[in-house]
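Engineer: After the sequence you'll find the predicted model.
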Amino acid sequence: MTELPTLYTECLILRPHSLWDADDLQKLIEDKDIASTTFNLPYPYTLEDAIEFIGQREEKYEETGSPEFAITHKDGYFIGGIGMRFNKEHENGKIGYWIGKPYWGKGFCTEAACAVVKYGFEVLGLNRIHAAHMTRNPASGRVMQKIGMKHEGHLRQDKKKWDKFEDMELYGMLRSEYFANP
């Protein structure tokens, strides 16, 4: 397996996670507003959790080919994370992302998501990229809309977060749509 690439955008660098990110990762994810809308994260989120997460990224990429990037500002500071679960057989990927609260509303998530979608279609050759968000997190849906995804459905009480069932909104984009409107 090749090494996870680094992606460059106007304001961001999407790169492999590093143990140097552990303190910032822990501090940003520890925010309850981040944790409440992000699945598969323990809460509270400890420094040990961050170190373990970072330590597993390279092995996970080698096993699955699914890229997960640290989102950093071009000036070097850590902002959040974005990844794509890649299904080689079906030629699709599901993106997920989070941005630290101090960086909300600055367009960083949209910029990072655009870069990962481009990577998925232009480098990995995927046919479809999709994403989902909790209905109560419309900001995540706006990112999906801004990158050109189309709303594909609503799943009632599809996921459970902190003992509460959550409705999910589904979005997707096809390869033909991406190349028709690059």
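Structural biologist: Perfect, thanks for sending it.
Engineer: how about low-confidence regions in this structure?
Structural biologist: Applying pLDDT under 70 to the chain flags residues 1, 182.
Engineer: so what secondary structure elements neighbour the helix ranked longest in the chain?
Structural biologist: Ranked by number of residues, the top helix in the chain under DSSP state H is helix 47-64. Using 3 or more Cβ pairs under 8 Å, 6 or more residues apart in numbering; DSSP states H and E, the elements in contact with helix 47-64 are helix 22-29, strand 68-73. C-beta coordinates here come from the backbone N, C-alpha and C atoms, glycine included.
Engineer: Restrict the helix or strand following the shortest one to CA atoms and write it as PDB.
Structural biologist: Same thing as strand 68-73. Following strand 68-73 in sequence order, the next helix or strand is strand 78-87 (DSSP states H and E). Only the C-alpha atoms of strand 78-87 are listed here, as PDB (Å, rounded to 0.1, in the frame of the first residue of the first chain):
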ATOM      1  CA  PHE A  78      -4.500  21.700  13.700                       C
ATOM      2  CA  ILE A  79      -8.200  22.300  12.900                       C
ATOM      3  CA  GLY A  80      -9.900  19.000  12.700                       C
ATOM      4  CA  GLY A  81     -10.200  15.700  10.800                       C
ATOM      5  CA  ILE A  82     -11.700  14.300   7.600                       C
ATOM      6  CA  GLY A  83     -11.800  10.800   6.300                       C
ATOM      7  CA  MET A  84     -13.400   8.600   3.700                       C
ATOM      8  CA  ARG A  85     -14.400   4.900   4.200                       C
ATOM      9  CA  PHE A  86     -13.600   3.400   0.800                       C
ATOM     10  CA  ASN A  87     -15.400   0.400  -0.600                       C
END
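Engineer: can you give me the strands in the protein?
Structural biologist: 7-8, 12-15, 68-73, 78-87, 92-99, 128-134, 150-161, 164-174 (DSSP state E).
Engineer: my read: residue 158 touches residue 166, true?
Structural biologist: Yes - with contact defined as Cβ atoms under 8 Å, residue 158 reaches residue 166; the gap is 6.9 Å.
Engineer: Please say which of the two ends up with more neighbours.
Structural biologist: Per other Cβ atoms under 10 Å, whichever of residue 158 and residue 166 has more neighbours is residue 166, with 20 against 15.
Engineer: I'd say the more buried one and residue 133 touch.
Structural biologist: No - the pair residue 166 and residue 133 fails to qualify as a contact (Cβ under 8 Å) at a distance of 9.6 Å.
Engineer: picking that back up, export the strands of the chain as JSON lines, with columns for distance to residue 25.
Structural biologist: Formatted as JSON lines, the strands of the chain follow (distance: least, Cβ to Cβ, whole Å):
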{"stretch": "strand 7-8", "distance to residue 25": "19"}
{"stretch": "strand 12-15", "distance to residue 25": "13"}
{"stretch": "strand 68-73", "distance to residue 25": "8"}
{"stretch": "strand 78-87", "distance to residue 25": "7"}
{"stretch": "strand 92-99", "distance to residue 25": "10"}
{"stretch": "strand 128-134", "distance to residue 25": "21"}
{"stretch": "strand 150-161", "distance to residue 25": "20"}
{"stretch": "strand 164-174", "distance to residue 25": "24"}
